[in-house]
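**Q** The following block contains a protein sequence and its predicted model.
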Amino acid sequence: MKLKFGSVEENVVTREEFPLEKAREVLKDEVIAVLGYGVQGPGQALNLKDNGFNVIVGQRKNSKTWDKAVADGWVPGETLFDLEEACERGTIIQFLLSDAGQIALWPMVKKHLTPGKALYFSHGFGVTYKEKTGIVPPADVDVILVAPKGSGTSLRRMFVEGRGLNSSYAIFQDGTGKAKDRVVALGIGVGSGYLFETDFYREVTSDLTGERGTLMGAIQGIFAAQYEVLRANGHTPSEAFNETVEELTQSLMPLVAENGMDWMYANCSTTAQRGALDWWKPFRDATKPVFEQLYDSVKTGKEAQKSIDSNSKEDYREKLEVELKELRDSEMWQAGAVVRKLRPENN
Ligand SMILES: NC(=O)C1=CN([C@@H]2O[C@H](COP(=O)(O)OP(=O)(O)OC[C@H]3O[C@@H](n4cnc5c(N)ncnc54)[C@H](O)[C@@H]3O)[C@@H](O)[C@H]2O)C=CC1
Ligand SMILES: CC(=O)[C@](C)(O)C(=O)O
Ligand SMILES: [Mg+2]
Ligand SMILES: [Mg+2]
C-alpha cells in the first residue's frame, strides 16, 4: 500500500496484504538455499525454517560456522551442504556471504543460475558495483533483494520474541515474471515486519552511509570526543562513561525509539531541554561537512573499493579482530564493561 512519510508517498508491503500463508503458497515448490552462515545467514535461514519454508544452508566445510550450523540443527547431507551442492539444489539462492566473499564465489554461483532460478541479496553491493565485483547475473533469472534494516542477530531475536524487524526490498531484474511475489514472500519469510520499496543503488548508498555515519562510525566518534573532553577535565571514567553512553542506551534512546526526539526531550529537565535545543544545531553544522564527505566517498565507489580491498585479504578476520580489540581495550569501553556489570538486572 501507499503510505505518507511526511509529505512524501512511498510503497510499503504489510503482513496484512501479504500474510505468511500466502508467502508459503508462493514458495511451496522452491528450495531456498542460504549461502553463508555468518550474521544474516543464521537469522534468515532459521526464521525461514521456523516459518515453514523449504530451506537448506550452504557453507564451507571444516569451518567454525559449519559447526555453528550443525549446532543450530542443520543436518549435513539433508539440510546442510557445501556451497556448491547448495547452489545446485537451490531454486532460490540467497547470497549471504560477506560482500567481498561473494566476489570470490561468483563464478561458481553463476554456473548454477539456470533459467527460472532466483538470485537473492541482502545488500545492493554486488550488483551495483559490478565493475568491481564482476557480478552480472544471467538475464533469465530473477535478481531480488531483501535487506533487513538491522543486524541478523536482531532479526532472529526479534522473530523469537514474536516481533519483527523491518526490511527494504527491491527487484533488479524480473527474469521470470514472478520476481515481485518471490521477493515479497521471502521478505515475509525471513521475518520482516514491513517491507519498504527501494532499488539496489539506493539501498547500497544509503546503507553504506548509515553504517559509516550515525549508526556506527559517527556515534563512536562523537562518544570518544565527549569522553575525552570529560576525562581531560578531571571527570572519572565511570562518570564520563555514564554521561556519554550508559544513560543514552539505558534511559534516553528507548524514549526516542518509543515516541521521537521531542518526547525524549519532554521527559528531561527544562535545564536539559534548554541546553539540548541550543546545542543540536552547532553539532549538526560541525558534522554536516563530514557527512557530505562521507556521502561523496560512497557515491564515487571509494567506500566499496576500500571494503573489497581489505575484506578480500586472506587475514582480514585477524586484522579486524586487532582493531575491535583496540576499541574494547580503550578506557571508555573498559569503563563500559564495569558499568554494564553494575546494571541492577545483571546482579
Ligand atoms: N551483518 C548483518 O547483520 C547485515 C548484513 N547484510 C548483508 O548481508 C550479506 C551477508 O553479510 P554477513 O552476514 O554480515 O556476512 P559475514 O561477514 O558474516 O560472512 C558470511 C559468511 O561468508 C563466508 N565467507 C566469506 N568469505 C568467503 C569466501 N571467500 N568463501 C567462502 N565463504 C566465505 C563466511 O564463512 C561466513 O559464513 C552481505 O551482503 C551484507 O552486506 C545486510 C544487513 C545486515
Ligand atoms: C546491520 C546493518 O544493516 C548494517 C550495519 O548495514 C551492516 O551490518 O552492514
Ligand atoms: Mg544495513
Ligand atoms: Mg550494511
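**A** Great, that's in hand. Residues are numbered from 1 along each chain as shown. Ligands and ions are numbered 1, 2, ... in the order given.

**Q** Provide a list of residues in contact with whichever residue of the chain sits closest to ligand 2.
**A** Residue of the chain nearest ligand 2, by CB to the nearest ligand atom: E211 (3.8 Å). For the C-beta atoms, the positions are set from N, CA and C on the backbone; glycine is no exception. By CB atoms under 8 Å, 6 or more residues apart in numbering, the residues touching E211 are G217.

**Q** Renumber starting at 57 from here on
**A** I'll keep to 57 as the first residue from here, and by that count the last item is E267.

**Q** And it, how far from ligand 1?
**A** Separation of E267 from ligand 1 (CB to the nearest ligand atom, to the nearest Å): 9 Å.

**Q** Downstream of whichever helix or strand that residue is part of, the next helix or strand is which one?
**A** Here E267 sits within helix 256-268, counting by DSSP states H and E. Using DSSP H and E, the helix or strand that follows helix 256-268 in sequence is helix 273-288.

**Q** which residues touch that next one?
**A** For helix 273-288, contacts defined as CB under 8 Å, 6+ apart pick out 267-268, 293, 295-297, 299-301, 339, 343, 346-347, 350, 383, 386-388.

**Q** So which of the residues you listed are in helices?
**A** 267-268, 293, 295-297, 339, 343, 346-347, 350, 383, 387-388 (DSSP state H).

**Q** Show me the subset of these that also lies near ligand 4.
**A** E267 (CB under 5 Å from the ion).

**Q** out of the ones in helices among the contacts of helix 273-288, who has the most neighbours?
**A** Among these, F297 has the most neighbours (other CB atoms under 10 Å), with 26 neighbours.

**Q** how much space between it and W389?
**A** For F297, the distance to W389 (CB to CB, to the nearest Å) stands at 9 Å.

**Q** how about the residues of this protein near ligand 2?
**A** Residues of the chain lying close to ligand 2 by CB under 6 Å from any ligand atom are 205-207, 263, 267, 271.

**Q** same thing but 8 Å
**A** Applying CB under 8 Å from any ligand atom, we find that the chain lies next to ligand 2 at 95, 179, 203-208, 210, 263-264, 266-267, 271-272.

**Q** one step back: and the helix holding E267 with helix 273-288, angle?
**A** Going by axes from the mean of the first three to the mean of the last three CA atoms, to 10 degrees, helix 256-268 is angled at 10 degrees with respect to helix 273-288.

**Q** Are any of the residues of the chain next to ligand 2 buried, and if so which?
**A** Among these, those classed as buried by 16 or more other CB atoms under 10 Å are 95, 179, 203-205, 208, 263-264.

**Q** is it true that T184 touches R258?
**A** No - T184 is not in contact with R258 according to CB atoms under 8 Å; the separation is 9.4 Å.

**Q** Tell me which of these two has more neighbours.
**A** Higher neighbour count among T184 and R258: T184, with 23 against 14, using other CB under 10 Å.

**Q** show me what contacts that one?
**A** Taking CB under 8 Å, 6+ apart, we find T184 in contact with 256-257, 260-261, 360.
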